[in-house]
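Q: how would this look folded up:
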Amino acid sequence: MATEQSGLENQESQPPNQVAPGFVGAIEEQYKKLRDHAEAYPYVWGSYTVVYGGLFLWTAYRWRKLRRTEDRVRGLQTKLRKLVQDEQAAVTASKSEKSLEKSSSVSDKTPVP
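A: Numbering: from 1, shown residues only. I've put the predicted structure just below:
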C-alpha cells in the first residue's frame, strides 16, 4: 500500500501537461494546444474546414480539368501530325509519278538510230 501511495504522489507531483523534450515532444505539445483550441472554438475550426476544404476542392477540380484539356490537345496534335505526314506522303508520291511519266515520255520521244 505504501508503494501505491508513493506512486500516486509521484504522478501528482508531475504537471499533467508535461511532454517529452525534443522534436516529438514539441509536436505533441503543439497538437495538444491545437486540440484544446479546437474544443474551445469549434465554429472557428469549422469555418477553416469549410473555407480551406472548398479551396482544395476547387483547386482539384481545376487541376483535373487542365489535365483533361492537355490530354485532348495532345490527341488533336497527334491526329494533325498524322494528317500532315499522310499529305506529305501523297505529295511525294504524286511527284514521283510525274517524274516517272516525264521520264517515260522523254524516252518515247527520243529517236532510235
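
Q: could you identify the longest helix within the chain?
A: Ranked by number of residues, the top helix in the chain under DSSP state H is helix 42-109.

Q: pLDDT of it, averaged?
A: Summarised as a single mean, pLDDT over helix 42-109 is 90.

Q: so what does it touch, helix or strand wise?
A: Helix 42-109 makes packing contacts with no helix or strand when contacts are defined by 3 or more C-beta pairs under 8 Å, 6 or more residues apart in numbering; DSSP states H and E. In short, each C-beta sits where N, CA and C put it, glycine included.

Q: can you do 10 Å?
A: helix 23-40 (3 or more C-beta pairs under 10 Å, 6 or more residues apart in numbering; DSSP states H and E).

Q: and the helix it packs on, what does it pack onto?
A: Short answer (3+ C-beta pairs under 10 Å, 6+ apart): helix 23-40 packs on helix 42-109.

Q: give me the angle between the helix it packs on and helix 23-40.
A: 110 degrees (axes from the mean of the first three to the mean of the last three C-alpha atoms, to 10 degrees).

Q: any idea how far helix 42-109 is from the chain center?
A: Its chain's average C-alpha position is 20 Å from that of helix 42-109, according to C-alpha atoms, centre = their mean, to the nearest Å.

Q: stretch 39-50 now?
A: 29 Å.

Q: for it, C-alpha coordinates in PDB please.
A: Output of stretch 39-50 as PDB, limited to C-alpha atoms (Å, rounded to 0.1, in the frame of the first residue of the first chain):
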ATOM      1  CA  GLU A  39     -12.500  22.200 -28.400                       C
ATOM      2  CA  ALA A  40     -12.800  25.800 -27.200                       C
ATOM      3  CA  TYR A  41     -13.700  27.300 -30.600                       C
ATOM      4  CA  PRO A  42     -15.500  24.700 -32.700                       C
ATOM      5  CA  TYR A  43     -17.100  27.300 -35.100                       C
ATOM      6  CA  VAL A  44     -13.800  28.800 -36.000                       C
ATOM      7  CA  TRP A  45     -12.300  25.400 -36.900                       C
ATOM      8  CA  GLY A  46     -15.500  24.500 -38.700                       C
ATOM      9  CA  SER A  47     -15.200  27.700 -40.800                       C
ATOM     10  CA  TYR A  48     -11.500  26.800 -41.500                       C
ATOM     11  CA  THR A  49     -12.600  23.400 -42.700                       C
ATOM     12  CA  VAL A  50     -15.300  24.800 -45.000                       C
END
